[in-house]
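S.K.: any chance you can model this:
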Amino acid sequence: MSAETDWYGKIFEVRLGPPGHGGFCVARHEGRVLFVRHGLSGELVRALVTEDRGGSFCRADAIDILDPSPDRIPATCPVSGPGGAGCCDFTFATPEAQRDLKHQVVADQLRRLANWEPDFTVEPIPLPLTLPSSVVAQQDSQPGPTRPDRPARLGGVATGLTSTLLGSSTGPVMPQHAKPAPEAHVRDETRDASPDAAPPGVAPGRIGGVATHLASSLIARPDTGKSDAPRTGVSAGVFDSKGEAAASRPASAIVGELGEVGAALVDSTADVAERGGAQAAIPVGGAVVSTPTARAGGAELIVASGGLLSAAGYTAGWRSRVRLAVDSDGRAGVHGYRSSEVIADLRCPQPMAGAMDGIADRKWTPGADLVVAVDGDGMRHIVEVAPAEVEQGDRRGRQERGAGGARRGGDRRSTATRRAAAHGARDERVVDGTGRAVQYVAERRWELSATGFWQPHYGAAQCYSDVVAEWAEAAPGSLVWDLYCGVGVFAARLAEQVGDRGLVHGVEFARSAVTEGRAALRDMPWVDLTAERVERWIHEQPGTAPDVVVLDPPRAGAGKDVINALSERSPRRIIHIGCDPAAFARDVGLYRTTGYQPIGLRVFDAFPGTHHVECIAVFER
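M.R.: Down below sits the predicted model:
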């Protein structure tokens, strides 16, 4: 690379084009392509080149927005700005703009790699309209103070009210499509818990498979990383139509005006607006959710019931699984973008509120990883994973500087060595919780290692399971396959359809996941989970064609060998799930070459604020 094209550190004024796969927008300057983060399509920006390996493109950060997009809002993540972490990509865009960016990326990948141009929308993960009757205020059989035994609180509201607020067999179902609330503002003041509040140590009601007793508001304040209200009280910000704080008074003062809903709020510390036109917003599931349920004195009480999330709350409080790195000083943090550097700043809004409490206040083992999981019982688990054993010669940053200071990408063999070490066997130390996470999908209970795989978004597993169950339509008594099955979440739904006269084969390489899945599905003897590589297992099967096959492969996709082998078995229907648009599109193209055509597509914004997206397609011949 000549000195004239060493762009590292240079600043250019460019107009941003369409989004690219990876959390950036594409710009062009003097015949080269710039992948620019922190900008939106159409914006005029000053872009600082942060990485230049030579060739036709380089990477840059938008450091000044000269002509902002109307879709731009104040960023909700203070950690991932220019030169910062890689945790978030688009928290400076409205929820609608985020989904539109992802729509453009998925559509582009499907068009280029699969020659398919479907009509689809990118959907948010829905908040559940109902809580299973067996889950609401369920008693837990495990002893000890960490497993509560009394009714819990939903964002500070006792779970006796949960069925009323969220809709269940004992309460009304709220409208699914409601007008969004004003942008969420978290109040700075906190109040002592009501003397009437339910005592701690209670079995929580669960929303999206995750209990809510852990977090009082389920919104972490981006400036402190802490919840805004005490754990035993509700955080009910009251705002007028402009989002300004309105006058308020105790909820108990208007019980009569709120009727049944208000009566259940007597023991909460929520304040409800006094003046007309204000909205009392109860944050639930990481954001203010707009659902008109009751009005008192002109105030509208807003609760979670599958409504739309506010702009500020959209990217907050959704992540129930977090993996942190520990720097050489023993501080927990997140990795810098495309870097092994650890940024000791835990203010990213993604984690469920309360998940990060206390982590920054203590020292950890340098070089270790921390796995933080909030499970379906609302219990937080923290597991410290010992440092990976990497040869000293490989302990260097991901990027190296070339001549003229240009970043050329580092030693790829070194990177591969570090990744292999990180995924090898490592000692684990349980610091908080039990290390055994309890999860629920479709009223079924799983118990798995807190370091094992589970969908990060607290509502994703239920959402995907519902889609699979709807699309599979497996015939009673039939044979079905669940490939890359994990702990068998999809296998359970398929088993319900085929019944005890059918057979469900689940295949997963991780032996621990298979063991945990067998325990969860022991009441379904017609489910057979096997620890094996999928590509090897398929070739070992007899020629009987399965009725339905479900695949949820890793990020790299299923690939040619698996899809060709699968197509030779001629299943009636195939449901394929992918978390990487490019890999998903390549797999779609492979299916089409074997004669299978996609007949349905669902795309979910399962990772708000990031560029990641989840795609589910169904195929038939």
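S.K.: which parts of the chain are helices?
M.R.: For the chain, the helices defined by DSSP state H cover 95-114, 162-166, 255-264, 412-422, 460-472, 489-498, 511-520, 534-540, 559-569, 581-593.
S.K.: tell me which of these lies nearest to Thr365.
M.R.: The closest of the helices of the chain to Thr365 is helix 412-422. By Cβ to Cβ, the value is 14.7 Å. (C-beta placed from N, C-alpha, C; glycine too.)
S.K.: now do the longest strand along the chain, average pLDDT.
M.R.: Identified as the longest strand of the chain according to DSSP state E is strand 57-67. Confidence for strand 57-67, expressed as mean pLDDT, is 96.
S.K.: parallel or antiparallel, list what pairs with that strand.
M.R.: Paired neighbours of strand 57-67 in the sheet (DSSP bridges): strand 32-37 (parallel), strand 44-51 (antiparallel).
S.K.: start and end of stretch 429-444, how far apart?
M.R.: Length of stretch 429-444, first residue to last, Cα to Cα, to the nearest Å: 28 Å.
S.K.: what average pLDDT does that stretch get?
M.R.: 96.
S.K.: contact partners of that stretch?
M.R.: Identification of contacts with stretch 429-444 by Cβ atoms under 8 Å, 6 or more residues apart in numbering yields 132, 134-135, 146, 206, 209, 373, 375-377, 379-384, 386, 428, 445-452, 454, 461-462, 465-466, 469, 489, 492-493, 520.
S.K.: residue ranges in the stretch 251-400 of the chain under the pLDDT threshold?
M.R.: Along the stretch 251-400 of the chain, the model assigns pLDDT under 70 to residues 251-310, 390-400.
S.K.: can you show me the strands along it?
M.R.: Under the criterion DSSP state E, counting those that start in this stretch, the stretch 251-400 of the chain contains strands at 271-273, 279-281, 283-284, 287-288, 292-296, 299-302, 321-326, 332-335, 342-343, 369-374, 380-385.
S.K.: closest to Ala316 out of the strands paired with strand 57-67?
M.R.: Comparison of these against Ala316 by Cβ to Cβ identifies strand 32-37 as nearest, at 20.5 Å.
S.K.: CA atoms of that closest one as PDB?
M.R.: C-alpha atoms of strand 32-37 as PDB (Å, rounded to 0.1, in the frame of the first residue of the first chain):
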ATOM      1  CA  ARG A  32     -12.400   3.900  -2.300                       C
ATOM      2  CA  VAL A  33     -15.200   2.600   0.000                       C
ATOM      3  CA  LEU A  34     -15.600   3.600   3.600                       C
ATOM      4  CA  PHE A  35     -17.500   1.500   6.100                       C
ATOM      5  CA  VAL A  36     -18.700   4.200   8.500                       C
ATOM      6  CA  ARG A  37     -20.100   3.500  11.900                       C
END
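S.K.: which residues touch that strand?
M.R.: 5, 7, 12, 14, 16, 20, 22-28, 45, 47, 49, 56-62, 82, 89, 337.
S.K.: got a ChimeraX select line for the buried ones in these?
M.R.: Remark: buried members of the contacts of strand 32-37, expressed as a ChimeraX selection using 16 or more other Cβ atoms under 10 Å:
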select :7,12,14,16,20,23,24,25,26,27,45,47,49,57,58,59,60,61,62,89,337
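S.K.: tell me the contacts of Glu516?
M.R.: 446-449, 452, 487.
S.K.: which pLDDT value goes with Gly424?
M.R.: 70.
S.K.: ok, now Leu214?
M.R.: 35.
S.K.: and Val210, what's its pLDDT?
M.R.: On the pLDDT scale, Val210 gets 41.
S.K.: please begin residue numbering at 428 from this point
M.R.: All set: I'll call the first residue 428, so the last point we hit is now Val637.
S.K.: quick check, pLDDT for Ala672.
M.R.: For Ala672, the pLDDT comes out at 30.
S.K.: list the buried residues in stretch 436-445.
M.R.: Residues of stretch 436-445 classed as buried by neighbour count (16+ other Cβ under 10 Å): 439, 441-443.
S.K.: still on that earlier bit, can you put the strands paired with strand 484-494 in a markdown table and add mean pLDDT?
M.R.: Output for the strands paired with strand 484-494, formatted as a markdown table (pLDDT from 0 to 100):
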| stretch | mean pLDDT |
| --- | --- |
| strand 459-464 | 96 |
| strand 471-478 | 96 |
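S.K.: got JSON lines for those, with distance to Leu493 too?
M.R.: Compiled in JSON lines, those are given as follows (distance: least, Cβ to Cβ, whole Å):
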{"stretch": "strand 459-464", "distance to Leu493": "13"}
{"stretch": "strand 471-478", "distance to Leu493": "4"}
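S.K.: out of the ones you listed, nearest to Gly1022?
M.R.: strand 459-464 (36.6 Å).
S.K.: mind listing what's buried along that closest one?
M.R.: 459-464.
S.K.: what residues are up against the nearest residue to Tyr764 once chain neighbours are set aside?
M.R.: The shortest distance from Tyr764 to any non-neighbouring residue, by Cβ to Cβ, 6 or more residues apart in numbering, is to Gly513 (3.7 Å). Gly513 makes contacts with 507, 761-766, as judged by Cβ under 8 Å, 6+ apart.
S.K.: top of those residues by number of neighbours, please.
M.R.: Taking other Cβ atoms under 10 Å as the neighbour criterion, Ser507 ranks highest of the contacts of Gly513 with 30 neighbours.
S.K.: correct me, but that one touches Cys514?
M.R.: Yes: between Ser507 and Cys514 there is a contact under Cβ atoms under 8 Å: 5.2 Å.
S.K.: give me the pLDDT value at Arg618.
M.R.: 30.
S.K.: can you get me a residue count around Ala787?
M.R.: The burial count for Ala787: 14, using other Cβ under 10 Å.
S.K.: touching, it and Ile770? I think so.
M.R.: No: here Ala787 does not reach Ile770: they are 12.0 Å apart, not a contact under Cβ under 8 Å.
S.K.: ok so, going back, how close does the residue nearest to Tyr764 get to Lys529?
M.R.: Shown here: Gly513 relative to Lys529, a distance of 17 Å by Cβ to Cβ, to the nearest Å.
S.K.: and Ala922, by the same measure?
M.R.: 33 Å.
S.K.: and what of Thr548?
M.R.: 10 Å.
S.K.: more neighbours: which of those two?
M.R.: Taking other Cβ under 10 Å, Thr548 and Lys529 do not tie; Lys529 has more neighbours (25 against 11).
S.K.: that one touches Val1040, doesn't it?
M.R.: Yes: with contact defined as Cβ under 8 Å, Lys529 counts as touching Val1040 (4.6 Å).
S.K.: now the common contact residues for these two.
M.R.: Common neighbours of Lys529 and Val1040 (Cβ under 8 Å, 6+ apart) are 549, 1030, 1032.
S.K.: turn these into a markdown table, including distance to Ala782.
M.R.: Formatted as a markdown table, the shared contacts of Lys529 and Val1040 follow (distance: Cβ to Cβ, whole Å):
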| residue | distance to Ala782 |
| --- | --- |
| Val549 | 26 |
| Val1030 | 27 |
| Asp1032 | 20 |
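S.K.: could you chop the protein up by domain?
M.R.: Split into domains by automatic domain parsing, the chain comes to 430-541, 752-773+791-859, 886-1047.
S.K.: confidence-wise, which of these is weakest overall?
M.R.: Mean pLDDT is lowest for domain 752-773+791-859 among the domains of the chain, at a mean of 78.
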